[in-house]
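1. with the sequence up front, the predicted model follows.
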Amino acid sequence: MEILPCSSSPCCYVNLKGKLVAKSSNTNKSKLQTFRKGRILFAKIECVNGSLRFHNLGQSFLRNPNHQGGFGSSNAHQSDKHVDSKVLSGSYNGYVIDGEEDARTLSETGKSGTKVLIPGLPDESSGESAAPIRSCFWQWKPKFNVHYEKTGCENVTSPPVLFLPGFGVGSFHYDKQLKDLGRDHRVWAIDFLGQGMSLPFEDPTPMSKEGVASDKKDQAWGFGDETEPWASELVYSMDLWQDQVRYFIEQVIGEPVYLVGNSLGGYVALYFAACNPHLVKGVTLLNATPFWGFLPNSIKSPRLARLFPWAGTFPLPSRVRKLTEIVWQKISDPNSIAEILKQVYADHSTKVDNVFSRILETTRHPAAAASFASIMFAPKGQLSFWEALSRCRENNVPISLMYGKEDPWVRPVWGLQVKRRVPEAPYYEISPAGHCPHDEVPEVVNYLLRGWIKNLESHGSITLPLLDDSANVQSDITKDLEFVRDGAAKSVSVHFFGSEFSLWNQISAYVKSRFGNVQLKS
């Protein structure tokens with residue numbers, strides 16, 4: 001297989017002969033082909049009484065430093081002359097503290113055993129070097145071009161780390177991990193097929209000869225009548241993604257890795273580790289979704305699967321096409337994207353303009369709508385989340401858990417269930433943090449992930465994060481992690497659940513997460 005590197009983060013397209021052609025080297029302005037025209041909206045975040053308000057603007061706006069939350073699109077068309085296309089890209093402010101003067105600005109952490117001072121992210125504006133990210137494409141199979149990002153390749157003695165994204169996002173969601181962890185680790189992040197920049201470069205279902213071809217350039221891909229040979233068995237499913245991860249590790253990375261997955265990526269990471277324990281050094285779950293897919297798996301339940309006439313293959317049935325067009329028009333709307341981000345981020349001061357613009361870019365790809373339909377109707381994986389978890393434990397695959405406490409989708413009770421089934425796994429509950437703790441509090445996630453990897457690589461001679469030599473790994477510990485971001489101190493509470501984890505611990509923690517600090521006595 002040919003690996004095609006590109007500098008920075010280019011967008012590439014395929015010509016009629018299938019060759020990759022680089023068009024742009026700007027990470028935040030990679031241009032995907034669009035199949036629809038329309039005005040790109042800008043949204044302004046305003047924090048009022050602890051809640052977010054969104055306002056659509058017809059022109060660019062200045063960020064209010066008190067709110068830290070502008071959204072913008074990096075794919076404004078030239079025809080939209082009434083819209084200023086200036087994009088407010090995400091910044092990575094915060095810095096590594098290594099001086100006494102800096103440490104004093106955060107509060108006297110040394111006087112309290114519950115406070116820990118941790119590094120911030122590399123502050124490029126202050127001259128600190130972040131790890132440079134390279135954007136590449138890997139041709140897995142004919143027409144299956146996987147986009148990925150990598151950094152830290154010069155750290156040849158460090159263990160490799162591979163990040164798997166959640167649904168609807170891509171490798172760009174791990175920019176803060178790549179720029180930071182890439183300074184001392186070899187790090188990769190991939191886009192699952194059917195998402196991000198791993199969408200097809202050609203239409204998998206071109207129109208038949210009787211179809212209308214004159215408006216082809218403005219039509220969505222995947223809505224045709226005939227299926228190209230390369231897409232005849234294509235389904236964007238759990239089994240396809242875990243297969244994609246296996247070949248990527250074998251052919252691109254070339255050795256066992258530490259897997260880190262958020263949401264859907266967490267399920268894929270666990271599923272992959274259950275099927276390929278020899279390729280995994282450890283798995284970190286970041287608010288992993290414990291379920292995916294609605295239709296039965298044809299291998300696991302062949303008779304039941306026959307009852308469903310369509311399961312995510314191409315071409316899409318006519319009824320599914322109509323339904324997809326209606327649903328896609330709603331969920332790809334900028335206001336809908338902004339509303340979803342508002343739900344999943346607990347700290348509304350988090351800068352998500354880059355994430356917003358990259359998601360919006362993906363929705364404008366001509367293959368995005370049909371790929372979404374295939375994902376939604378794809379069958380379940382051959383292993384359920386809990387079966388994969390049990391198999392990982394049987395094969396002694398190390399697992400760590402890092403969950404945002406204020407996640408409205410994968411609530412803490414799901415992480416606690418994983419902890420109950422794998423009591424030896426370190427479980428860190430972070431607050432305030434929502435569904436994407438790696439992007440909302442990257443300083444904390446990076447700190448915990450580094451420490452967990454060091455603990456495993458040292459065979460336990462280096463203690464787990466938040467534990468000192470006198471701490472009991474069986475006991476619960478709560479500490480405030482403090483760091484600097486944008487020149488100001490921030491504090492996040494992290495609760496470590498010890499290995500003495502009982503059903504009562506689970507009930508107590510769940511009640512507290514729902515109703516506040518309720519005092520329960522056993």
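-> Done, it's in. Numbers count the residues shown, from 1 in each chain.
2. start to end distance for stretch 254-263?
-> End-to-end span of stretch 254-263 (CA to CA, to the nearest Å): 25 Å.
3. OK, contacts around Ile253?
-> Listed by CB atoms under 8 Å, 6 or more residues apart in numbering, the contact set of Ile253 reads 160, 162, 188. Heads up, the C-betas are built off the backbone N, CA and C, glycines and all.
4. what about 10 Å?
-> 148, 150, 160-162, 186, 188, 279 (CB atoms under 10 Å, 6 or more residues apart in numbering).
5. gap between Leu240 and Val444?
-> Look at Leu240 and Val444: by CB to CB, to the nearest Å, they are 32 Å apart.
6. these two: who's more crowded?
-> Val444 (25 against 21; other CB atoms under 10 Å).
7. that one: what secondary structure?
-> Here Val444 takes the helix state, with states given by DSSP: H, G, I helix; E, B strand; the rest coil.
8. now it: how far from Leu466?
-> 11 Å.
9. okay, and the common contacts of the two?
-> 116, 428, 481, 494.
10. of those, which pair is most distant in space?
-> Val116 and Tyr428 (12.2 Å; CB to CB).
11. before we move on, back to that, among the contacts of Ile253, name the ones in strands.
-> Those of the contacts of Ile253 mapping onto strands are 148, 150, 160-162, 186, 188, per DSSP state E.
12. how about CSV for those, with distance to Trp328 added?
-> Below are the ones in strands among the contacts of Ile253 laid out as CSV (distance: CB to CB, whole Å):
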residue, distance to Trp328
Tyr148, 26
Lys150, 31
Pro160, 36
Val161, 34
Leu162, 30
Arg186, 37
Trp188, 30
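13. among these, which one sits closest to Gly498?
-> Among the ones in strands among the contacts of Ile253, Val161 lies closest to Gly498 (CB to CB), at 25.7 Å.
14. verify the stated contact: the closest one with Pro256.
-> No - if you go by CB atoms under 10 Å, Val161 and Pro256 don't touch, sitting 11.2 Å apart.
15. ok, now which ones touch Tyr403?
-> With CB under 10 Å, 6+ apart, Tyr403 has these contacts: 266, 285-288, 410-412, 414-416, 418-419, 427-431, 433, 435, 437, 495.
16. make that Lys380, sorry
-> Contacts of Lys380 (CB under 10 Å, 6+ apart): 237-239, 291-298, 300-301, 305.
17. of those, which is the nearest to Pro132?
-> Within the set of the contacts of Lys380, Met238 lies nearest Pro132; the separation is 32.8 Å, counting by CB to CB.
18. does the residue nearest to the closest one when sequence neighbours are not counted lie in a helix or a strand, and which?
-> What sits nearest to Met238 in space, not counting adjacent residues and going by CB to CB, 6 or more residues apart in numbering, is Gly381, at 3.4 Å. Using DSSP states H and E, no element contains Gly381; it sits outside every helix and strand.
19. quick one: contacts for Gly381?
-> By CB under 10 Å, 6+ apart, Gly381 lies in contact with 237-242, 267-268, 271, 274-275, 292-293, 297, 299-300, 387-388.
20. mind redoing it with 7 Å?
-> Applying CB atoms under 7 Å, 6 or more residues apart in numbering, we find Gly381 in contact with 238-239, 271, 292-293, 297.
21. okay if I get these as JSON lines plus distance to Trp138, secondary structure and neighbour count?
-> Conversion of the contacts of Gly381 to JSON lines gives the following (distance: CB to CB, whole Å; DSSP: H, G, I helix; E, B strand; the rest coil; neighbours: other CB atoms under 10 Å):
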{"residue": "Met238", "distance to Trp138": "20", "secondary structure": "helix", "neighbour count": "26"}
{"residue": "Asp239", "distance to Trp138": "19", "secondary structure": "helix", "neighbour count": "21"}
{"residue": "Tyr271", "distance to Trp138": "21", "secondary structure": "helix", "neighbour count": "27"}
{"residue": "Trp292", "distance to Trp138": "24", "secondary structure": "coil", "neighbour count": "20"}
{"residue": "Gly293", "distance to Trp138": "26", "secondary structure": "coil", "neighbour count": "20"}
{"residue": "Asn297", "distance to Trp138": "27", "secondary structure": "coil", "neighbour count": "21"}
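22. can I get the shared contacts of Val444 and Leu466 in CSV with distance to Glu406 and pLDDT?
-> Converted to CSV, these look like this (distance: CB to CB, whole Å; pLDDT from 0 to 100):
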residue, distance to Glu406, pLDDT
Val116, 21, 94
Tyr428, 14, 97
Leu481, 16, 97
Val494, 13, 97
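23. pull out the buried members of those residues.
-> If you count burial by 16 or more other CB atoms under 10 Å, the buried members of the shared contacts of Val444 and Leu466 come out as 116, 428, 481, 494.
24. from what I can see the third one touches Val445, true?
-> No - no contact is recorded between Leu481 and Val445 when judged using CB atoms under 7 Å, the distance being 10.4 Å.
25. sorry, back to before: give me the more crowded residue out of Val161 and Pro256.
-> For Val161 versus Pro256, neighbours defined as other CB under 10 Å are more numerous around Val161 (27 against 16).
26. who's the more buried one bridged to?
-> Val161 has these beta-bridge partners by DSSP bridges: Val187, Tyr258.
27. shouldn't Asp191 be in contact with Ser171?
-> Yes - at 5.4 Å, Asp191 counts as touching Ser171 under the criterion of CB under 7 Å.
28. anything in contact with each of the two?
-> Common contact partners of Asp191 and Ser171 (CB under 7 Å, 6+ apart): 147-148, 165.
29. by neighbour count, which of the residues you listed wins?
-> Most neighbours among the shared contacts of Asp191 and Ser171, by other CB under 10 Å: His147, with 27 neighbours.
30. residues contacting that one?
-> Counting by CB under 7 Å, 6+ apart, His147 has contacts 137, 171, 191, 196-198.
31. go with 6 Å
-> When contacts are counted by CB atoms under 6 Å, 6 or more residues apart in numbering, His147 touches 137, 191, 197-198.
32. pretty sure Gly282 sits against Pro398.
-> Yes - assessed by CB atoms under 6 Å, Gly282 is found in contact with Pro398 at 3.9 Å.
33. name the residues contacting each of the two.
-> Common contacts of Gly282 and Pro398, defined by CB under 6 Å, 6+ apart, comprise Leu456.
34. so between the two, which is more surrounded?
-> When Gly282 and Pro398 are compared for neighbours, Gly282 comes out ahead with 25 against 20, by other CB under 10 Å.
35. phi first, then psi, for the more buried one.
-> With angles defined as degrees, to the nearest 10, Gly282 sits at phi 180, psi 160.
36. need the contact list for it.
-> Contacts for Gly282 (CB under 6 Å, 6+ apart) come out as 258, 398, 456.
37. pLDDT weak spots in the stretch 151-300 of the chain?
-> Along the stretch 151-300 of the chain, segments meeting pLDDT under 70 span 208-218.
38. would you map the strands across it?
-> Along the stretch 151-300 of the chain, the segments classed as strands by DSSP state E, counting those that start in this stretch run 160-164, 186-190, 257-262, 280-286.
39. need the pLDDT of Lys44.
-> For Lys44, the model assigns a pLDDT of 40.
40. these two touch, right, Thr151 and Lys179?
-> No - look at Thr151 against Lys179 with CB under 6 Å: they stay out of range, at 7.3 Å.
41. now for these two: what residues contact both?
-> Each of Ala131 lies in contact with both Thr151 and Lys179 under the rule CB under 6 Å, 6+ apart.
42. buried residues, stretch 416-435. List them.
-> Going by neighbour count (16+ other CB under 10 Å), the buried part of stretch 416-435 is 416-419, 422, 425-435.
43. please read the previous query as pertaining to stretch 219-229.
-> Across stretch 219-229, burial judged by 16+ other CB under 10 Å covers 219-224, 227-228.
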